[in-house]
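Q: Please work out how this folds:
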Amino acid sequence: MKPLKKICIFCGSSFGNSSIYQEKVNELGTILAKRNVELVYGGGNVGLMGEISRSVLAHGGRVTGVIPEVIYQNVEHIELTELFVVKDMHERKAKMYDLSDGFIALPGGIGTLEELAEVMTWYQIGYHQKPIGIYNVNGFYDGLLDTFKHMINEGFLKKEYIDSLVISDDPDSLLEKMSNQEMNSINKWTK
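A: As a prediction, the model looks like this:
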């Protein structure tokens, strides 16, 4: 099991409708910095993306951003520990995934959901064996978790994949469980 030194965070470029999202993201950022776990994220300065990076930096942590050229040219930036400017979204995701020891999805929109689905898919077909966490702030992901159960019940998804996810609404517990999560290789093509 590889130690979690760098965590890739997927989250919204908006704050959402409840202040709880911003509060809990700040709490996670503080804990990442105190645990000396570097944040790897999409490099943005807005919404929960900006909030998590500012929180980690404010508490003495390290932050690496990976941002596509088109976004880099159109948004304001904060001073990060390291910033990679890449050609496009595909290169962005590949770089973020390569730099990270694990992944956490925070509340967000379609982009966040797409990034979470992609790392889950990559695990499912054997491209990585890194822990995947869902920070279920305020029950944000309850509906998605119900959808996963429906996929299992209908025979489109193996229960073992969902059982391998680390899901928590407590950031300390989430990071602790991810640090101890054994990611087993599961053959998608056998019953």
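Q: residue ranges for the strands of this structure, please.
A: Listed in chain order, the strands of the chain (DSSP state E) span 6-10, 38-41, 63-68, 82-86, 102-105, 132-135, 166-168.
Q: Run through who's touching the third one.
A: The set of residues external to strand 63-68 that reach it, using CB atoms under 8 Å, 6 or more residues apart in numbering, is 6, 38-44, 53, 56-57, 80-89, 91-92, 95-96, 99. (C-beta placed from N, C-alpha, C; glycine too.)
Q: switch the cut-off to 6 Å
A: With contact meaning CB atoms under 6 Å, 6 or more residues apart in numbering, strand 63-68 is reached by 39-40, 43, 53, 56-57, 80-86, 88-89, 92, 95-96.
Q: ok, now the first one?
A: Outside of strand 6-10, the residues within contact range by CB under 6 Å, 6+ apart are 37-41, 52, 96, 99-105, 112, 115-116.
Q: Now for the chain, the helix or strand with the poorest mean pLDDT.
A: helix 69-72 (a mean of 89; mean pLDDT, DSSP states H and E).
Q: Only the buried residues of that helix, if you could.
A: 71-72 (16 or more other CB atoms under 10 Å).
Q: Out of the contacts of strand 63-68, which end up buried?
A: 39-40, 43, 53, 56-57, 80, 84, 86, 92, 95-96.
Q: Any idea how far apart the tips of stretch 85-94 sit?
A: One end of stretch 85-94 sits 13 Å from the other (CA to CA, to the nearest Å).
Q: any idea of the mean pLDDT for it?
A: Mean pLDDT, computed over stretch 85-94, is 93.
Q: Repeat that for stretch 98-109.
A: Mean predicted confidence for stretch 98-109 is 97.
Q: Put the alpha carbons of it into PDB.
A: Extracted in PDB, the C-alpha atoms of stretch 98-109 (Å, rounded to 0.1, in the frame of the first residue of the first chain):
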ATOM      1  CA  ASP A  98      -0.200  10.700 -12.700                       C
ATOM      2  CA  LEU A  99       0.900  13.000  -9.900                       C
ATOM      3  CA  SER A 100      -1.600  11.600  -7.300                       C
ATOM      4  CA  ASP A 101      -1.600   8.700  -4.800                       C
ATOM      5  CA  GLY A 102      -5.400   8.800  -4.500                       C
ATOM      6  CA  PHE A 103      -8.500  10.700  -5.500                       C
ATOM      7  CA  ILE A 104     -11.300  12.500  -3.600                       C
ATOM      8  CA  ALA A 105     -14.600  13.900  -5.000                       C
ATOM      9  CA  LEU A 106     -16.100  16.800  -3.200                       C
ATOM     10  CA  PRO A 107     -19.400  18.400  -4.100                       C
ATOM     11  CA  GLY A 108     -19.400  19.700  -7.600                       C
ATOM     12  CA  GLY A 109     -21.200  19.600 -11.000                       C
END
